[in-house]
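Engineer: model this:
(2 chains)
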There are 2 protein chains.
Amino acid sequence: MIIPVILSGGSGTRLWPLSRPERPKQFLALTGERTMLQMTLARTSDRQRFAPPLVIAASSHADEIKRQIEGEIESVVLEPVARNTAPAIALAALLAAPDAPLLVMPSDHLIRDQEAFLDAVALGLPLAEQGWLVTFGIVPHRAETGYGYIRRGEAISSGVHRVERFVEKPDATTAEALLASGDHYWNGGIFLFRADAYLAALGTHAPEVLHAARRAMANRTGSERNIYPDAEAFAAAPFISIDYAVMEKAGSVAVVPVSMGWSDIGSWDALYEVGRPDADGNILAGNAVAANSRGCLIRSDGPTIVTVGVEDLIVVASGDSVLILPRGQSQRVKEAVDALRASSAGEAQP
Amino acid sequence: MIIPVILSGGSGTRLWPLSRPERPKQFLALTGERTMLQMTLARTSDRQRFAPPLVIAASSHADEIKRQIEGEIESVVLEPVARNTAPAIALAALLAAPDAPLLVMPSDHLIRDQEAFLDAVALGLPLAEQGWLVTFGIVPHRAETGYGYIRRGEAISSGVHRVERFVEKPDATTAEALLASGDHYWNGGIFLFRADAYLAALGTHAPEVLHAARRAMANRTGSERNIYPDAEAFAAAPFISIDYAVMEKAGSVAVVPVSMGWSDIGSWDALYEVGRPDADGNILAGNAVAANSRGCLIRSDGPTIVTVGVEDLIVVASGDSVLILPRGQSQRVKEAVDALRASSAGEAQP
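Structural biologist: Residues are numbered from 1 along each chain as shown, chains lettered A, B, ... in the order given. Have a look, this model is predicted:
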């Protein structure tokens, strides 16, 4: 039985003002009624295939996790500090039976084609059971510079390849070449491996991560359901991703290429792209009214936004802030946050 | 001694969402710390030249008037219903001594050049004392289609002309011709005449207005300070402007041309035009932050508005609404109000 391991450590600010440190993307209902975390949990709710999940989250989000979790859960591991994915996954691996396959998933990604997702997992499972570290490579459809890439090597089994190499986030020219190559995939941060295979790879390539995670779990507090690793021990772990710590170094790493309507919804533009625009090309959510306006993303959980005669704007109102920027430039949200910090409008600071 | 008569009957929605029926333009601080009404009162605060003013306002605004009035006031006449300017001014004229010169002014216009204003009043005063109905014609600087025009005729005295005719709000082509003519002025709705001259002209050209106003004042209630004309009697007056009722028909009508930095601030674009843009061409008020944005008017008395990389937008947040439209198109605010009414976001209806 596969154990889903759901990573809820993100604290993204790229969807400001909706996402905030106390309410990161996984806790938001971006594409419908349910939050990204709830949709992620639902993805592995078939108890014929999947055991109840382990959720790894920040202890500061304990209450929000409690509010949002629906259905059966094995445990929630509440990290005292953020140490990135390699240590977080180590905590989960130490809780699981050594031969249990772990399906590691970010809690804030969209996967619209559930069947394709399950098929890819099924393709990867036999390899994972044999001890491979399996990744899932998203078939790219644009020359994205915001993701790392995975180059496939020789086929191992039907639909599964050895990983030739991992590629850092490329510049625009390189991204075009990677897209054109046909043998590079986006690294979506989804993994499948046995708990013992991951821990063994950690022991070889990042022993300080394994050591800190072991000590943190040996001295854990809390209950079976809510697990608090020892804060001092866990803080000693380096801040490092699973990619850097293990995947790029380990030997038996496989990739399952998959097209499954995946998006990390890493920006307001990305949210527009996965949405269903109305006849005027607008995507409206909450208190939003677009009069003679086209191509806009308008969301508000607060004041009523009314636009007249504008085109291709992103307008997001949340809490005490309203963000307005041109669509296609939503990576510039950081400028908004910086300008707000620099301004005297101190009360509304993110 | 000139008696200022300040008309506070406006209920404009052109500055929605800041202006609302319960808080029309004259009660807003649009250009600085003080409201348009307060600035209008200050304009005639020199007690060497002006008697304490008469304010004519809607009875529904009695509390707001009370809050805003600073300095000495003769009386506030609280209209039970709106009947436009001709009946409102009749109420004031009936309160004043027959030979008192009345300086009639809207309460929601901007006049930046106070000296030019006082000079123009001084030029008109001798004519008014002789029984002329004196208007003030704003020297136009653009082919505005939103105002009526006044064509000057022969000179009566230095800087004062007989009015040749009043011109209705023109279409764009006509407005260009009027601007080019050099002898047409905007009708800014400011008048100077003896109380008895106005009442006599009313008796000749609009006797039903005079009759209703006389009955309303004969049966008034309230105090010396707060005067409530009889509601039923006043409601019998026709809804008619001083221009239609009197000025366009009377014989001895004069115009004093004047350039005095006048604006009726009849739109968000007009407010931008009278403002002082920062180095990026932005005019910001309240909780507004513009990052790498140009040519924007951004005001908020509520949420913090943060723009990034946008140009020539008008953004106004007030109460529970945020308006966004292109600068130069602020006459389209009506589309916003209509769209909001039509939408299901019913709570935020204007």
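
Engineer: where does the residue of the stretch 1-150 of chain A found nearest chain B land in three-state SS?
Structural biologist: Of all residues in the stretch 1-150 of chain A, the one sitting closest to chain B is residue A:17 (7.9 Å; Cβ to the nearest Cβ). Yep, even glycine has a C-beta here, placed from its N, CA and C like the rest. Reducing the assignment to helix, strand or coil with DSSP: H, G, I helix; E, B strand; the rest coil, the entry for residue A:17 is coil.

Engineer: that one and residue A:314, how far apart?
Structural biologist: Counting by Cβ to Cβ, to the nearest Å, the gap between residue A:17 and residue A:314 amounts to 11 Å.

Engineer: same deal with residue A:16?
Structural biologist: For residue A:16, the distance to residue A:314 under the criterion Cβ to Cβ works out to 12 Å.

Engineer: what do you get for residue A:296?
Structural biologist: Residue A:296 sits at a distance of 7 Å from residue A:314 (criterion: Cβ to Cβ).

Engineer: on that earlier part again, the residue of the stretch 1-150 of chain A closest to chain B contacts residue A:324, doesn't it?
Structural biologist: No - using Cβ atoms under 8 Å, residue A:17 is not in contact with residue A:324; the gap is 10.8 Å.

Engineer: circling back: residue A:296 and residue A:314: which is more packed in?
Structural biologist: The neighbour comparison of residue A:296 against residue A:314 (other Cβ atoms under 10 Å in any protein chain shown) goes to residue A:314, with 27 against 24.

Engineer: tell me the SS of that one?
Structural biologist: Local secondary structure at residue A:314 is given as strand here, using three-state DSSP.

Engineer: any idea what it is bridged to?
Structural biologist: Residue A:314 has these beta-bridge partners by DSSP bridges: residue A:297, residue A:325.

Engineer: ditto for the one 4 residues further on
Structural biologist: Listed by DSSP bridges, the beta-bridge partners for residue A:318 are residue A:321.

Engineer: likewise residue A:106?
Structural biologist: Listed beta-bridge partners, residue A:106: residue A:7 (assigned using DSSP bridges).

Engineer: what is the burial count for it?
Structural biologist: Neighbour count of residue A:106, defined by other Cβ under 10 Å: 20.

Engineer: would residue A:126 count as being in a strand?
Structural biologist: No - secondary structure of residue A:126 (three-state DSSP): helix, not part of a strand.

Engineer: isn't it up against residue A:159?
Structural biologist: No - using Cβ under 8 Å as the test, residue A:126 is too far from residue A:159 to be in contact (10.9 Å).

Engineer: quick check: neighbours shared by residue A:16 and residue A:314?
Structural biologist: Residues touching both residue A:16 and residue A:314 by Cβ atoms under 8 Å, 6 or more residues apart in numbering or on different chains: residue A:323.

Engineer: which parts of chain A sit against chain B?
Structural biologist: Proximity of chain A to chain B is confined to A:17, A:287-292, A:300, A:302-310, A:313, A:315, A:317, A:319-326, A:329, A:332-333, A:335-336, A:338-340, A:343, A:345, A:347-348 under the rule Cβ under 8 Å from any Cβ of the partner chain.
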